[in-house]
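Novice: Here's a sequence, model it:
(chains A and B)
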Amino acid sequence: MKKRWNRIKTFFSKPYNVLLILFLVVLSFLVVFPLISIIKDTFIVHSSEKSRIHQAVGTFTDYHWKRLFASEFSKSLLWDPLKNSLKTSALSCVVSILIGGTFAWLVSRSDMRWKKLLTKLFIFPYIMPSWTLALAWKNFFKNIAVTGSNGIFYSLTGIQVPTWFAYGEFPIIIVTGMHYAPFAYILIGGILHNMDANLEEAAIILKTKRLRMFTRITIPIVMPAVLSTIILVFSGAMASFATPQFLGLPVRYYVLTTELYASINGTNPGVGYILALLMIFISIVIMFINQRMIGNRKSYATVTGKSANISIFHLGIWRTPISIMAFLLVMCMSVIPLVTFALESLLSYTGVYDFSNLTLSFWIGQAQGHDTWQSEPGILRNSEVYRTLWNSIKLSFTCSMGAGTLGFLAGYSIVRRRGSLLSQTVENLTFIPYLIPSMAFSAIYLSMFATRRGIIPSLYGTFAILALIGTVKYLPMASRSGVNSMLQLSPEIEEAGIIMGVPWVKRMTRIIIPIEKTTIVSGYLLPFISAMRELSLFVILVTANNRVLTTLLLFYDEKGYTQFSNAVNLLIIIVVLIINFTVERITGASIEKGVGG
Amino acid sequence: MPTIKLIDVTKKFGKGSLAVDHLNMEIKDGEFVSLLGPSGCGKTTTLRMIAGLETPTEGEIYFDDECVFSDEKGVNLSPDKRNVGFLFQNYALWPHMTVYNNISFGLENMKWPKEKIDARVKEICETMRISEYMNRYPAELSGGQQQRVAIARTLAPNPRVLLMDEPLSNLDAKLRNDMRTELKRLHKNSGSTFVYVTHDQSEAMTLSTKVALIRNGLLQQYCPPLQLYGEPNNVFCADFMGNPSMNFVEMHGVRKGDDVLLENKEFKLLFKPNDPIDIKEENDYVLGIRPEFIKIADKGIRSSVISSLPSGMETTLSLGVGDIVLSAVVFGSIDFAMESTEYFDFEGNGYVLFDKESQEKLTLGSLKIVE
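Specialist: Modelled structure (predicted):
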């Protein structure tokens, strides 16, 4: 008995053990318990469903499952969105790999011009919010048949853009593909860049023709990067909400996320919860496939080596044309969208691109006291905009503090006890939020915190629930960077402090934190920027009085207040860019370096 | 099998940094030539220039009478047209192909008929004793097996020249020994010309028929290994070969007829050249003494044992004579007490006299202690 007591005492005398136990308890409550709660929610009647189910709120029902899987609405509620989601995600992978892979090859293996400038601009979409390109597309190609006004393309060329080109499946695929092209570029480019030149030289010596070398040696070797790009882009595209919402909704083209949003905001949340479960299931399947592929026989761990002398492919007479084409593409992905936002926000009447039609009133105009939306004050004079901006910054700051700090502590304690079951469990728990698509995760939190849970009151509509979900959702990012940085730091450095009798808090603040400064800062930076441009995670949970900038943007867009939505969009991008570059300047940590998650 | 001739080959990287400096070398048919030198001396660059993977800045390279590179004539044959095999330091096996495909890939490029490819792959796998791994991927093989696959892949098309870039450096000590034996056997059986890059002097000693010792891009000596060991051209060559390395004693010398009377603070020696040479009246010399030529005896020079490192077959001693420390090798299983007093003498005629200023070898000769 005494022996056991002593053992427990020793266990808890180690700070990392205490931390691990705390993480275990808190994460079980915040991650595992909600998963059970949402399953329950697929079987009960919610208050907004009283009129359709005719049963008391909270009673058991199989209505949702039946309606989704075995009713005349199955097709429109489930199968069509599912099919659309899978199709757009799969084709987005193709687009992003074609664009990103070609660009990666051009940069690392050819003598294309202006490489430095082009790569800098090419990563831009990665920093910007995911819907940037979607809104830009809309500004450019919208047509009078759907929106009531024409876009920039029409005013430049006079050509009416067909609806299939302007809205729905096609633009969603192109835009999502372009948004994720930087991923493909970074992953594939990384392998191309680090690939052992000897592998190709060995082929040259054995008289391999150029084309055969490309198809039989180069491509197979970058295949793992292509596969991880596919996994990332596919799951990213499956989870994306803003792009299909902006481009699909006008033509009633639904994917799983937009259908989920519609159900939960509409009169049948139960169906939405099932869709959320379905999305979680799909992303687990994807992760499983990913695991299987990593563990296959052809290990590529031996691929990298010294590669001082990669042979550069000379583009010859194509050098300038290809460089110009790459430049134009990169401009379309980075600079032109921003120009369209600025332009659209300055138009007095939408669709009329004329100097006499430019006005600053949507930015700095006074309120005119009429009842129409055009007479509202410009966004820089609008107290509502300032309130949401402040709310956004407050929220991002809270999430980044929460996720960054917890992530660092989690990383520390996980690494210190690496190999133990406890540490393994906590590491997996911190990773679960990454597997769950944002929209599904917020559906879970909605189901969990809409009512009182133990000592926690109902959190729906509060700032707290946004802060909480942001912190938990971004925890994987921060804890992974914490784990990685702690793995590089040998335990002896801390043990030297222990032997000299330095207490734990001082060891952390005076030894470990100063050494890991840069990685810790990026552990805070990533959640901040992600929260700043997050839409799908918050959109279900915000109410009119705790809006953030991104949901304000969605609100304006849904209402058709084009000038305001473009102005707010520009505002978000400017804030994100300013923060990114400031932090990059100050600390040398950069968001591009965290690429991969 | 061709003779490889390098004429005034120079390679500059970027501006100014000279990797290889006016190298002249002839590698004869069927030889096993090692390019030896400390890291960064230009040996790998030389090998890659022979293969065509690197382009020389100046000079000419011939395979027999065929010019494969010449900056003046503007000839630069690409690697695939030179008919060479190249074995990379890290093997460079293609990770996504099985052992079989790794080997057959090159043969397919040469448009061999299918049956012939199959037969050749099986044959070479037999020779390299990797037949049982033919359907495995490189990641599933041990280092030694990967090494053998790499050799098989290189040998399969019967290259006229086999170029090897430190192929054994990634293996552990025991495996390295086994592979040395295998390489030597392979050289004998294939009859090809081997050019071998290494920084390990014992590897070069044991394997090659000729060693080219390079330092900072300059060829120091090019001769059979035992000659390099016994008659080094200069202090660098002498120091680079042999383990434990040669003892160098700085001495002042005065001519005594055909001999030289060498003197330093601790002892006086009479150096008798093997062949008569011109000797200055008075000069500063460096005397090179191989450890195995120092003989523990009943009388001679008095020294104290600084350390004794017995390895079973022989014992390496550090002997202190005043400020001078000499290493000596005593064969047999014996140990010496530390700090004990021992006398030693010199035997044989393999002592090398270097000029101190130029560091060049003057001559070889025998030594006699002068009381």
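
Novice: Pop the domain breakdown of the chain in here.
Specialist: This is for chain A. Listed by automatic domain parsing, the domain ranges of chain A are A:63-370, A:383-594.

Novice: actually it's chain B I care about, not the one you picked
Specialist: Looking at automatic domain parsing, the domains of chain B come to B:4-240, B:247-370.

Novice: May I have the distance across the first one, first residue to last?
Specialist: As for domain B:4-240, its first-to-last residue distance stands at 26 Å under the measure CA to CA, to the nearest Å.

Novice: ok, back up a step: which one of the domains of chain A lies nearest to chain B?
Specialist: Chain B lies closest, by CB to the nearest CB, to one member of those: domain A:63-370, at 3.1 Å. Where C-beta positions appear, they are placed from N, C-alpha and C, glycine not excepted.

Novice: any low-confidence regions in chain A?
Specialist: A:294-311, A:368-375, A:587-597 (pLDDT under 70).

Novice: Tell me where the stretch 151-300 of chain B has strands.
Specialist: Taking DSSP state E, counting those that start in this stretch to define them, one finds strands in the stretch 151-300 of chain B at B:161-165, B:193-198, B:210-215, B:218-223, B:247-256, B:259-263, B:268-273, B:282-289, B:294-297.

Novice: Serialize the ones you listed to TSV and add fields for mean neighbour count, mean pLDDT and distance to residue A:181.
Specialist: Formatted as TSV, the strands of the stretch 151-300 of chain B follow (neighbours: other CB atoms under 10 Å in any protein chain shown; pLDDT from 0 to 100; distance: least, CB to CB, whole Å):
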stretch	mean neighbour count	mean pLDDT	distance to residue A:181
strand B:161-165	24	91	38
strand B:193-198	25	93	43
strand B:210-215	24	94	48
strand B:218-223	19	94	51
strand B:247-256	17	93	64
strand B:259-263	20	93	76
strand B:268-273	18	93	76
strand B:282-289	18	94	66
strand B:294-297	17	92	71
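
Novice: Need the domains of chain A in TSV (columns: mean neighbour count).
Specialist: TSV is the format used below for those (neighbours: other CB atoms under 10 Å in any protein chain shown):
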stretch	mean neighbour count
domain A:63-370	19
domain A:383-594	19
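
Novice: For residue B:291, which of these is the nearest?
Specialist: domain A:63-370 (36.8 Å; CB to CB).

Novice: circling back: is it possible to get a markdown table of the strands of the stretch 151-300 of chain B that adds distance to chain A?
Specialist: Below are those laid out as a markdown table (distance: least, CB to the nearest CB, whole Å):
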| stretch | distance to chain A |
| --- | --- |
| strand B:161-165 | 9 |
| strand B:193-198 | 14 |
| strand B:210-215 | 20 |
| strand B:218-223 | 23 |
| strand B:247-256 | 35 |
| strand B:259-263 | 48 |
| strand B:268-273 | 48 |
| strand B:282-289 | 37 |
| strand B:294-297 | 43 |
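
Novice: sorry, back to before: output the domains of chain A in CSV; the columns should cover distance to residue B:63.
Specialist: Shown next, in CSV, are the domains of chain A (distance: least, CB to CB, whole Å):
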stretch, distance to residue B:63
domain A:63-370, 14
domain A:383-594, 48
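
Novice: which helix in the chain runs the most residues?
Specialist: Using chain A here. For chain A, the helix with the greatest residue count under DSSP state H is helix A:383-416.

Novice: ah, no, chain B please
Specialist: Criterion DSSP H: the longest helix present in chain B is helix B:173-190.

Novice: got the CA coordinates for that helix in PDB?
Specialist: What follows is helix B:173-190, C-alpha atoms only, in PDB (Å, rounded to 0.1, in the frame of the first residue of the first chain):
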ATOM      1  CA  ALA B 173      34.300  -2.600 -41.100                       C
ATOM      2  CA  LYS B 174      33.700  -6.300 -41.600                       C
ATOM      3  CA  LEU B 175      31.600  -6.000 -44.600                       C
ATOM      4  CA  ARG B 176      34.100  -3.600 -46.100                       C
ATOM      5  CA  ASN B 177      36.700  -6.200 -45.800                       C
ATOM      6  CA  ASP B 178      34.600  -8.800 -47.500                       C
ATOM      7  CA  MET B 179      33.700  -6.500 -50.300                       C
ATOM      8  CA  ARG B 180      37.400  -5.600 -50.900                       C
ATOM      9  CA  THR B 181      38.100  -9.300 -51.500                       C
ATOM     10  CA  GLU B 182      35.000  -9.400 -53.800                       C
ATOM     11  CA  LEU B 183      36.100  -6.400 -55.800                       C
ATOM     12  CA  LYS B 184      39.600  -7.800 -56.300                       C
ATOM     13  CA  ARG B 185      38.100 -11.100 -57.500                       C
ATOM     14  CA  LEU B 186      35.700  -9.200 -59.800                       C
ATOM     15  CA  HIS B 187      38.600  -7.200 -61.300                       C
ATOM     16  CA  LYS B 188      40.400 -10.400 -62.100                       C
ATOM     17  CA  ASN B 189      37.400 -12.200 -63.600                       C
ATOM     18  CA  SER B 190      36.000  -9.300 -65.600                       C
END
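
Novice: which of the residues in that helix are buried?
Specialist: Using 16 or more other CB atoms under 10 Å in any protein chain shown as the test for burial, helix B:173-190 gives B:175, B:176, B:179, B:180, B:182, B:183, B:186, B:187, B:190.

Novice: need those residues in CSV with distance to chain A and pLDDT, can you?
Specialist: Formatted as CSV, the buried residues of helix B:173-190 follow (distance: CB to the nearest CB, whole Å; pLDDT from 0 to 100):
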residue, distance to chain A, pLDDT
B:175, 17, 80
B:176, 19, 84
B:179, 19, 84
B:180, 22, 88
B:182, 20, 86
B:183, 19, 88
B:186, 18, 87
B:187, 19, 90
B:190, 17, 83
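
Novice: where along chain B do the helices fall?
Specialist: Using DSSP H, helices in chain B cover B:43-51, B:99-109, B:114-127, B:143-155, B:173-190, B:201-207, B:225-230, B:235-240.

Novice: Any idea which of those has the lowest pLDDT on average?
Specialist: Here the helices of chain B differ in mean pLDDT, and the lowest is helix B:173-190 at a mean of 86.

Novice: and that one, what other elements does it pack with?
Specialist: helix B:143-155, helix B:201-207 (3 or more CB pairs under 8 Å, 6 or more residues apart in numbering or on different chains; DSSP states H and E).

Novice: Excluding chain neighbours, give the residue nearest to residue 243 in space.
Specialist: You didn't say which chain, so I picked chain A. With CB to CB, 6 or more residues apart in numbering or on different chains as the criterion, residue A:243 has its nearest non-adjacent residue at 4.3 Å, and that residue is residue A:134.

Novice: that's the wrong chain, I meant chain B
Specialist: Excluding the flanking residues, the one nearest residue B:243 by CB to CB, 6+ apart is residue B:202, at 6.6 Å.
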